[in-house]
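Novice: I would like to see how this sequence folds:
(6 chains)
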There are 4 protein chains.
Amino acid sequence: MGRPVGANGADTMRAIRAAALKRIYKHGYEAMNLRDLAADVGLRVGSLYNYIPQKQEFLGTLLESIMQELLDDFKQQMGKVSGPREAMQEFVRFHIQWHTARKEEVFIGNMELRSLSPEQYVRVTALRKEYEQHLLGILNQGKKEGLWAIEKTAVTAKALLSLLTGVSNWYREDGELTQERLIRLYQLMVERMLHKAESDTSQ
Amino acid sequence: MGRPVGANGADTMRAIRAAALKRIYKHGYEAMNLRDLAADVGLRVGSLYNYIPQKQEFLGTLLESIMQELLDDFKQQMGKVSGPREAMQEFVRFHIQWHTARKEEVFIGNMELRSLSPEQYVRVTALRKEYEQHLLGILNQGKKEGLWAIEKTAVTAKALLSLLTGVSNWYREDGELTQERLIRLYQLMVERMLHKAESDTSQ
Amino acid sequence: MGRPVGANGADTMRAIRAAALKRIYKHGYEAMNLRDLAADVGLRVGSLYNYIPQKQEFLGTLLESIMQELLDDFKQQMGKVSGPREAMQEFVRFHIQWHTARKEEVFIGNMELRSLSPEQYVRVTALRKEYEQHLLGILNQGKKEGLWAIEKTAVTAKALLSLLTGVSNWYREDGELTQERLIRLYQLMVERMLHKAESDTSQ
Amino acid sequence: MGRPVGANGADTMRAIRAAALKRIYKHGYEAMNLRDLAADVGLRVGSLYNYIPQKQEFLGTLLESIMQELLDDFKQQMGKVSGPREAMQEFVRFHIQWHTARKEEVFIGNMELRSLSPEQYVRVTALRKEYEQHLLGILNQGKKEGLWAIEKTAVTAKALLSLLTGVSNWYREDGELTQERLIRLYQLMVERMLHKAESDTSQ
DNA sequence: TATGAATGAGACTTCATTCAT
DNA sequence: AATGAATGAAGTCTCATTCAT
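Specialist: A predicted model of the protein is given here:
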């Protein structure tokens, strides 16, 4: 009992977040119990409550902060691109980089929406939509400029997000495929997907 | 007590499966409790055990049967296609049809793998791989015939599956987009994605 | 596990109520833990939840039913009295009888109001007020008929209730004082308290 | 950290006592948690332990000091009365004054006896009995002098205490009834209650 | 003195599961 | 087959209390 030497609240909070991320990623929010989570960071379960108000609340803020970080990183990195073509290439690069580097965050950000309370759900999905809007913007711009063969931008946006996000499901950083090559492959696929070919019979 | 009029074992079993599907889809396997599931089909929780052995076992057979049905349906429908081009178009059609018609099954077939016991996991993922192998076969065939610009078939297969499966995340049958048009749009995208364009600088 | 021979829901429910009454009486609602309560009736704590929804809910319905029984008994027993004098004598008798026979109920009905949720509190105190109204009615009637020296009926009603209810705090049925004599003593005191004496200088 | 400007140990201790009084009065000793109590006086829970030894100990000394103050005040104020009649009038006045001015203390002094440890219980109830003895003394004196119609002084003492103490349950200082008038009303009631009337059929 | 960090005990509650009827 | 009654394990959460700083 009492305060152990070297205890530091901010560090512990970060450790809890990291441990929770891993556990939720592996077995899901419902399957993560607080006793194990506490043990991961060297605490007893009661002590967790010095850091989180409720398990449910914790999930909400976790997901919200993940989406917020994604958005922040995105805005920072995408500031200086010029045309839609370059923007799309950059989008692919950014999305894949983030979704391979932050695989766990991304996964639970997609999977655990169903474990949120209604209020939390609204907040988190609002951030997701904001991100999607950026992609839609690029597509619309390119379509307006006549660059791409896009039938319905809304569908294309959904398709692109599925395509790119799927990477996090199978890509392993320690595999033979380097991240740079992975990005190049996807940039190519996307380029082709959007390309206006003569053979197109669309519409 | 006693058997109510009109009750039929097979019907009840089907009702349980359907109710479980809905509940797992909405809030996950862990969040589905047997009391509620029983209530869905007009039973008390104890009576469920006349139909299922254990909650965990039940999940395993549920997922396995879903994958098995997918495979069976696939084999039946894909029997008569000739070349890889036609095969790919058919694959897109089949996958989207199944993934929109059986949205709940598909979703939990992807999401609840982590709730399986190791043995169950092996069995179910084996079926998933078998399905993926069919797609890989088509891609390899097309590549061999020089039809498509494919850098790495493994990556392309993963990419295609993400792309197509993603449909189930957002498509609503009651929306303005008909299923036929949806399929056509995706067939186009896939065609373009695989298309060997002159401008391609790949490899 | 499973259903033991001879288990019967209604009996168990009654036993739980009785055991709870005793425990709350002795140490208060907050100090009553469900493990002990369950043990009192030969159950494990989880089994309690086949009978009660929540500890808090349980308290609410317990108090409500106590007050309701008091009211029901009161109405039944007081049906046939004629004038206010007789009514008052009967009221004293009834109140003391009930408050000595049902000492535990009475005590927690008074003490645990503070442990109720706001909604529960409203419901229970409404019943208490209804009971008090009956006493007020008798007092007003007697005052109208000029029988008694009552300055403020509201104050007198409160005073009488304190006086009579207090009995439950100290009276022991196994003491030397018989219940009949106790009642007689209080009837006398009340009679004198209300008596219009010549020496009265009031008003 | 460190001692805030203007803080004073004795003041803080008083503030804690006052805050505890309010909380225990409202929801009971068990329902008062030290975190909230600390917050009431602008402290964190750990700091409380610079003032109190244990929650349980604290309750004991609190109740003991309340009863001691009651006794001290009583002795001081009742020193100079002469006969039993005057003494009784004074007793009523004193009791009501104290029980309306110190409503919270009085209430918890009555209610939280059950939360005391056995040793604490003995100490506090000894003080209560001492107070009751004073009332008994007055009654016996009056009975000896043939002033009053008292069947059993012990019962009458209990009855009087219930009657008078009950005031604290409903009297509001901001109501229409002044304290002086309240006292007068109760003095009258008590006088009548003890009065030897010709109509008395007792004994 | 005050605080932040920790703990252990124990509370309420949920739930899959069993079994006599 | 269906139900009511029970259980044990485990989960979330609260709280008095301790102690290094």
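
Novice: what packs against the top helix by length along chain A?
Specialist: Assignment by DSSP state H gives helix A:118-144 as the longest helix of chain A. If contacts are counted by 3 or more CB pairs under 8 Å, 6 or more residues apart in numbering or on different chains; DSSP states H and E, helix A:118-144 sits against helix A:55-77, helix A:84-101, helix A:153-165. C-beta: built from backbone N, CA, C; applies to glycine.

Novice: adding distance to chain C and mean pLDDT, write those out as TSV.
Specialist: Output for these, formatted as TSV (distance: least, CB to the nearest CB, whole Å; pLDDT from 0 to 100):
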stretch	distance to chain C	mean pLDDT
helix A:55-77	19	97
helix A:84-101	44	96
helix A:153-165	42	96
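
Novice: of the ones you listed, which is nearest residue D:100?
Specialist: helix A:55-77 (44.7 Å; CB to CB).

Novice: contacts for the closest one?
Specialist: With contact meaning CB atoms under 8 Å, 6 or more residues apart in numbering or on different chains, helix A:55-77 is reached by A:17, A:20-21, A:24, A:29, A:34, A:52, A:90, A:94, A:98, A:102, A:105-106, A:108-109, A:112-113, A:115-117, A:119-120, A:123-124, A:127-128, A:130-131, A:134.

Novice: and stretch A:5-25, by the same measure?
Specialist: Here stretch A:5-25 makes contact (CB under 8 Å, 6+ apart) with A:31-32, A:36-37, A:40-41, A:43, A:48, A:50-52, A:58-59, A:62, A:103-105, A:107-108, A:112.

Novice: residue A:108: what secondary structure?
Specialist: State at residue A:108, reduced to three classes by DSSP: H, G, I helix; E, B strand; the rest coil: helix.

Novice: skip the chain neighbours and tell me the closest residue to it.
Specialist: Nearest residue to residue A:108 in three dimensions, chain neighbours excluded: residue A:24, at 4.8 Å (CB to CB, 6 or more residues apart in numbering or on different chains).

Novice: before we move on, the earlier item: for DNA strand F, which of the helices and strands packed on helix A:118-144 is the nearest?
Specialist: helix A:55-77 (3.5 Å; CB to the nearest atom of the strand).

Novice: angle of that closest one against helix A:118-144?
Specialist: Using axes from the mean of the first three to the mean of the last three CA atoms, to 10 degrees, the inter-axis angle of helix A:55-77 relative to helix A:118-144 is 20 degrees.

Novice: I'd assumed the residue nearest to residue A:108 was in a strand, is it?
Specialist: No. Applying three-state DSSP, one finds residue A:24 to be helix, outside a strand.

Novice: how far away is it from residue C:77?
Specialist: Between residue A:24 and residue C:77 the computed distance is 63 Å (CB to CB, to the nearest Å).

Novice: ditto for residue A:118
Specialist: According to CB to CB, residue A:118 and residue C:77 sit 52 Å apart.

Novice: who has more neighbours out of these two?
Specialist: Using other CB atoms under 10 Å in any protein chain shown, the more surrounded residue of residue A:118 and residue C:77 is residue C:77, with 15 against 6.

Novice: quick check: whichever residue of chain A sits closest to DNA strand F vs residue D:46, distance?
Specialist: Closest contact between chain A and DNA strand F, by CB to the nearest atom of the strand, is at residue A:2 (1.8 Å). Per CB to CB, residue A:2 is found 10 Å from residue D:46.

Novice: would you mark the buried spots in the longest helix of chain A?
Specialist: A:120, A:124, A:127-128, A:134-136, A:138-139, A:141-143 (16 or more other CB atoms under 10 Å in any protein chain shown).

Novice: turn these into a markdown table, columns for distance to residue A:69 and pLDDT.
Specialist: Shown next, in a markdown table, are the buried residues of helix A:118-144 (distance: CB to CB, whole Å; pLDDT from 0 to 100):
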| residue | distance to residue A:69 | pLDDT |
| --- | --- | --- |
| A:120 | 17 | 97 |
| A:124 | 13 | 98 |
| A:127 | 10 | 97 |
| A:128 | 13 | 96 |
| A:134 | 15 | 96 |
| A:135 | 18 | 97 |
| A:136 | 21 | 97 |
| A:138 | 21 | 96 |
| A:139 | 24 | 96 |
| A:141 | 26 | 95 |
| A:142 | 27 | 95 |
| A:143 | 30 | 93 |
